[in-house]
Every structure is written in structure tokens, then in C-alpha cells.
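fold the following, please.
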Amino acid sequence: MAPASLAARPAPPAPPRRRSRAKPKPPRPRIVVMSDLRALGGLLYEQAVLDATASPQASLVAWANRLATELDVAGVGSPADYRELLWGVVKVGRRAAADPTRPMVAIPPGP
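I've put the predicted structure just below:
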């Protein structure tokens, strides 16, 4: 049995977190982001052929929304199945192609 003085001792304070000095990344070129969008569309097409009514993986939905954010257009939201997600990616591509002079947006690195 431990003495009461050791059991009631508070935890030591956590050291302060050091802020990152990394420079923010510039926006990726439009052709690279559009290529990623096409690659995602191909993957989603394969998934829709296998089972169009299945609920899509959260990582694929997040990828589509992140690409839409980089292109500075409306994203796909939260589709119920792969068919809706694929159609949403097509709409993102059309919105991005409608205004090719729109500036790209730099996405900050994740945690």
C-alpha cells in the first residue's frame, strides 16, 4: 500500500508545444489536381461497377472534398452511395473546367 502523500501528488505539467516553423506549401498546379480528380473518378467507377448502392468509404469522400477545396469549387458533400459520389466528382470536374482561370487554394498540411 502506497503512502497517502504519493497517491495525491498531481501530475507534472506538460511541456509547451513548439510551433512549427515550416513554410506553408504553395498551391499545387491545376493539372496535377485535375489528374488526381480523374484518378479518383476511375477508382470510383470501379467501385460503382462492383456495387453502386454500397455506402462509400469515408476516405474517398474526404479525398473528393479535399480536391474540390483545392480547386475552389463546391464539394461532393456526403453522398449515400458510390453512384452519387461518382456523379458528385463529375460535377466537381465540370465546375473546375468551367472557370480555368480561378486561382488554386493551398491546403494546409493535416495534423
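
what's stretch 69-85 in contact with?
Identification of contacts with stretch 69-85 by CB atoms under 8 Å, 6 or more residues apart in numbering yields 27-28, 30, 33-34, 37, 44, 47-48, 51-56, 60-61, 64-65, 68, 87-89, 91-92, 95-96, 102-105, 107. In short, each C-beta sits where N, CA and C put it, glycine included.

just the buried residues out of these, in ChimeraX syntax.
The ChimeraX command for the buried members of these (criterion: 16 or more other CB atoms under 10 Å) is given here:
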select :27,28,30,33,34,37,44,47,48,56,60,61,64,65,68,88,89,92,95,96,104
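
which is the next helix or strand following the biggest helix by length in the chain?
In the chain, with assignment by DSSP state H, the single longest helix is helix 30-51. For helix 30-51, the following helix or strand on the C-terminal side (DSSP states H and E) is helix 58-71.

relative to helix 30-51, how tilted is that next one?
Counting by axes from the mean of the first three to the mean of the last three CA atoms, to 10 degrees, helix 58-71 lies at 150 degrees to helix 30-51.

and stretch 95-111, C-alpha only, in PDB?
Output in PDB follows, covering the C-alpha atoms of stretch 95-111 (Å, rounded to 0.1, in the frame of the first residue of the first chain):
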ATOM      1  CA  ARG A  95     -17.300  23.200 -62.200                       C
ATOM      2  CA  ALA A  96     -13.500  23.300 -62.200                       C
ATOM      3  CA  ALA A  97     -13.400  23.200 -66.000                       C
ATOM      4  CA  ALA A  98     -16.000  25.900 -66.300                       C
ATOM      5  CA  ASP A  99     -13.600  28.500 -64.900                       C
ATOM      6  CA  PRO A 100      -9.900  27.500 -65.500                       C
ATOM      7  CA  THR A 101      -8.700  31.000 -64.500                       C
ATOM      8  CA  ARG A 102      -9.900  30.600 -60.900                       C
ATOM      9  CA  PRO A 103      -6.900  30.600 -58.600                       C
ATOM     10  CA  MET A 104      -5.900  27.400 -56.800                       C
ATOM     11  CA  VAL A 105      -6.100  27.100 -53.000                       C
ATOM     12  CA  ALA A 106      -3.300  25.800 -50.900                       C
ATOM     13  CA  ILE A 107      -4.400  23.200 -48.400                       C
ATOM     14  CA  PRO A 108      -2.600  23.300 -45.100                       C
ATOM     15  CA  PRO A 109      -1.000  20.100 -44.000                       C
ATOM     16  CA  GLY A 110      -3.000  17.900 -41.700                       C
ATOM     17  CA  PRO A 111      -2.200  17.200 -38.100                       C
END
